[in-house]
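A.B. asks: Kindly generate the corresponding structure for this input.
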Amino acid sequence: MSARSIRARTRATPTASSAVWGAHAPPHDMPKVDDVRVLLGAYGGHECPIPTPSPIVCLDVVVARGASWTFTPPPGHVVAWAFVYRGRALVVGAEVSRELVVLDERDAPVTVMALGDARLLFG
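C.D. replies: Sure thing, here's the model as predicted:
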């Protein structure tokens, strides 16, 4: 598995055909499994209370220095990505810090190893 890095940037491009849909849940209602908070979808037998219009997973993951975390995508997972927003980590072997990484093989297990205390969004 290889990773392609994309520098994070913010840009919204609304289209005439895009529908507006939204939901909210307070932070204390978001399930936590060890050091993983489930922001959307399901993980480790726990499901986020926010309904989604299609299957999606979005996790906020804390990985301590030298530790690793592995995600095995559920059947039908169509996009795998990671955004390391605090610290540095190896995402499938590529060193990442404050970058969005899109993974080539989206149905294979993904391992993240923290080079220092790290925090990332994963989906």
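
A.B. asks: mind listing the helices in this structure by residue range?
C.D. replies: For the chain, helices defined by DSSP state H do not occur.

A.B. asks: Pick out the least confidently modelled helix or strand of it, by mean pLDDT.
C.D. replies: The helix or strand of the chain with the poorest confidence is strand 3-7; it has a mean of 45 (mean pLDDT, DSSP states H and E).

A.B. asks: looking at it, Met113 is touching Arg88, isn't it?
C.D. replies: No: using C-beta atoms under 8 Å, Met113 is not in contact with Arg88; the gap is 9.9 Å. The way it works is simple: take the backbone N, C-alpha and C, and place the C-beta from them, glycine included.

A.B. asks: neighbour count winner among these two?
C.D. replies: More crowded of Met113 and Arg88, by other C-beta atoms under 10 Å: Met113, with 19 against 16.

A.B. asks: what residues are up against that one?
C.D. replies: For Met113, the contacting residues are Val63, Gly66, Ala67, Ser68, Ala89, Leu90, by C-beta atoms under 8 Å, 6 or more residues apart in numbering.

A.B. asks: quick one: it and Ala94, what's the gap?
C.D. replies: Separation of Met113 from Ala94 (C-beta to C-beta, to the nearest Å) stands at 11 Å.

A.B. asks: ditto for His28
C.D. replies: His28 is 34 Å from Ala94, by C-beta to C-beta.

A.B. asks: Next: Asp34.
C.D. replies: Remark: distance between Asp34 and Ala94 (C-beta to C-beta) = 24 Å.

A.B. asks: who's more crowded, these two?
C.D. replies: Between Asp34 and Ala94, counted using other C-beta under 10 Å, the more crowded position is Ala94 (16 against 9).
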